[in-house]
Structure formats: structure tokens, C-alpha cells
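>>> return atomic coordinates for the entry below.
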Amino acid sequence: MEQQIKNAFFGFAVGDALGVPVEFQSRRKIAENPVTDMREFGTHNQPKGTWSDDSSMAFCLAESLATPPNTEKTEVYDIGDIANNFVRWYYDKFWTPHGRVFDIGIATVGAIQRLKKGESPLLSGGIGERSNGNGSLMRILPLVFYKGYFFEENIEKRFKLVSEVSSITHMHFRSVFSCFIYTEFANILRHQIEDNKQDKVVAYQELQKRINDFALEFEFNTEEVALFDRILKHDITTFDEDSISSSGYVLHTLEASLWCFMKYDSYSESVLKAVNLGKDTDTTGCVTGGIAGLYYGANAETGIPQEWIDVIVKKEEIEDLCNRLYTLNQ
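Numbering: from 1, shown residues only. Purely as a prediction, here's the structure:
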């Protein structure tokens, strides 16, 4: 499990850092000079290996799950503590790569400001249909390494966990459901790795059955669930690139990330395609990189290139966080 955490965390951080220099560029513009390696400066004028708010908030979530309970925090999983880490990130620069926040979504800012004023983390997230950016999807992966998620056999309880963590900033069903599809896929991949039976096609088929059955059993809004048909009722890889969007809309990010992961056969191919799709490049790279890193690991041929890991900002701190998360959740 410890290596799985490192693979996933460096997977999303590397994907994020690959996308930071070209964020907001169009697909056509990037095609003139495709991303093939780690760059520096660019859109946000950041040094090579710098990750964005995506990884910062994921590390904040992981930090809470890796912190032992105390008198204020009676369990490892504490939604208030997670929310407080997001506030610390935005206001006190906690888990930032260089001591400042240089990229953040509108819905996330609003939620954190409400938290700062004392709003409950169960009520702080945007609930409207227009509050469906990818700001909770980009940070949700560390929850899969919480023992209360991985070992929880009741799917309804896992959904509740995801719903709570997403809803700190994004409470609308579409955002929550996107996060749940992603975490369940990562959870299936994790169990495959534990059983030495890695097969992402089988994992994807299991995901479709599991989520469709769950949505039917609990009678979720059929119109909302139908928005996910390209993922849940079809093979996402059969859609051509022109039909895959890479905006900051949560459903676009989920589709693009699953498309990149399922369509290509290595970490590098998957994340580079994600970044070269353009627009919200850091988040598509981050979300793709998380599951691709988990799946391909540090394999010399298909895994995360070591030279990319070596330039990641705060590499040692990330490794320490992974070790602490493993120790507390094994």
C-alpha cells in the first residue's frame, strides 16, 4: 500500500506540473508545440516541477488523513479538520509549492471564504448547477487511501464519505457523482493491485456495473445520471478526440481523464495526451496522472519517469506525507 500511495501522489503531482505551464492554451495552440517533457515558466511563470492548487488541496486532504487523532480530532477522518486544512492553504499558504496560491477556482474560493466565516463544511460547498467545476474531483484521490474507504464494503457508506469531502467546496450531485465514479475506479484498481490481477479493461467494466447498479438501487435522478452515459453505458475510448472536451467542467475533466487513461498504455502517454488536450491542462493532467500513476507505478517501461519525479517541488515532503498516510491507515 505504501508504494501505491507514492505512485498515485507523484502521479497526480507530475501530471499537474506538466500542465501548469500551458494552462488555458487551446488544443490548436498547444499542437504547434506539444508538451513532451517537464517545462518551466509559461502561463503562471512557475519553476519546473511546480504543481498547482489541484495537488495542494489533495495534499491538504491527505495531511488530515495522515494526522493522528487528538483532543480536537477524535478520528483520522474528520471533515472539519479537512476543511480547516483548505482554509490554512488559502489563507496561510499551507501545502503550497512556493509559499503562495497562484491558481484557484471561483467556487472553491467562495466555499473557503464561507468556511473562514464559520460555515459548516457540510454546507459550505456550492449547490447550484453552475457550481460544477472540477475543484473537488482534482483533490479527491487521497480519500481512497483512507482505511475507512478502502476496507469499507458498504458502497453507500463509501458514497457518503465522497459526498462529504466533495461537498466542502462542491455539493451538487454532478460533482459528487463524478468524484465517486473516480474514487470507485481507483478503488477497483487498488484491489486489483493487491490481488496481482491488474487489468484496466476489466476494472472499467466492473466500474460500469457497480455504478449503474448503485444509481438504480438508490433511485438517483435519472436525468443527472444520464449525463454520465458516455462513461457508464459506452466504452469511453470509442469516442474520437474531437468529442473529448478539456474545460474546467467536472464532467469534461472526468471523461477526458478516463479517455486518456484507458486509451493509452503507459503513464507518460496518458498524461501527455491529457495535457495536450489543452484548456484546463493542469487538472486534466492531475486527474489522469493520479490513476495512471497508481496503475503503472514506477515501472521502468510504463511507469512515471524518474526524471519527472526528481524535479517535483517538495519531493521529500510529499514522500514523508505518503509514509505518514500509510502508517496511519494500513
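>>> check contacts around F159.
180, 214 (CB atoms under 8 Å, 6 or more residues apart in numbering). Glycine gets a C-beta too; all of them are placed from N, C-alpha and C.
>>> can you do 10 Å?
By CB atoms under 10 Å, 6 or more residues apart in numbering, the contact list for F159 reads 176-177, 179-180, 183-184, 214, 218.
>>> with M171 instead?
Taking CB under 10 Å, 6+ apart, we find M171 in contact with 107, 111, 122-128, 131, 136, 163-164.
>>> and it, its phi and psi?
phi -100, psi -10 (degrees, to the nearest 10).
>>> tell me the confidence at it?
M171 is assigned 97 on the pLDDT scale.
>>> separation between it and I291?
Applying CB to CB, to the nearest Å, the value for M171 to I291 is 24 Å.
>>> again with R324
R324 sits 22 Å away from I291, going by CB to CB.
>>> compare the two (neighbour count), which wins?
Comparing R324 with I291 by other CB atoms under 10 Å, the one with more neighbours is I291, at 29 against 17.
>>> the more buried one belongs to a helix?
Yes. Counting by DSSP: H, G, I helix; E, B strand; the rest coil, I291 is part of a helix.
>>> pretty sure it is touching F261, no?
Yes. At 5.4 Å, I291 counts as touching F261 under the criterion of CB atoms under 10 Å.
>>> are there residues contacting both of those two? Which ones?
185, 189, 200, 267, 270.
>>> which helix or which strand is home to the last one?
Spelled out, it's S270. helix 267-276 (DSSP states H and E).
>>> same for that helix, what does it pack against?
If you count contacts as 3 or more CB pairs under 10 Å, 6 or more residues apart in numbering; DSSP states H and E, helix 267-276 packs onto helix 2-19, helix 27-31, helix 250-263, helix 281-296, helix 306-310.
>>> for those helices, give me JSON lines that also has mean pLDDT and distance to E224.
What follows is those, written out as JSON lines (pLDDT from 0 to 100; distance: least, CB to CB, whole Å):
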{"stretch": "helix 2-19", "mean pLDDT": "97", "distance to E224": "26"}
{"stretch": "helix 27-31", "mean pLDDT": "97", "distance to E224": "28"}
{"stretch": "helix 250-263", "mean pLDDT": "98", "distance to E224": "10"}
{"stretch": "helix 281-296", "mean pLDDT": "98", "distance to E224": "20"}
{"stretch": "helix 306-310", "mean pLDDT": "97", "distance to E224": "37"}
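>>> which one, of those helices, ends up nearest to C60?
Across the helices and strands packed on helix 267-276, C60 has its closest neighbour in helix 2-19 (12.6 Å, CB to CB).
>>> give the other helices and strands that the closest one contacts.
If contacts are counted by 3+ CB pairs under 10 Å, 6+ apart, helix 2-19 sits against helix 53-65, helix 173-194, helix 267-276, helix 281-296, helix 306-310, helix 315-329.
>>> ranking the ones you listed by burial, who's on top?
Across those, averaging neighbours per residue (mean count of other CB atoms under 10 Å) puts helix 281-296 on top, at a mean of 32.
>>> that helix vs helix 173-194, what angle?
Relative orientation of helix 281-296 versus helix 173-194 (axes from the mean of the first three to the mean of the last three CA atoms, to 10 degrees): 30 degrees.
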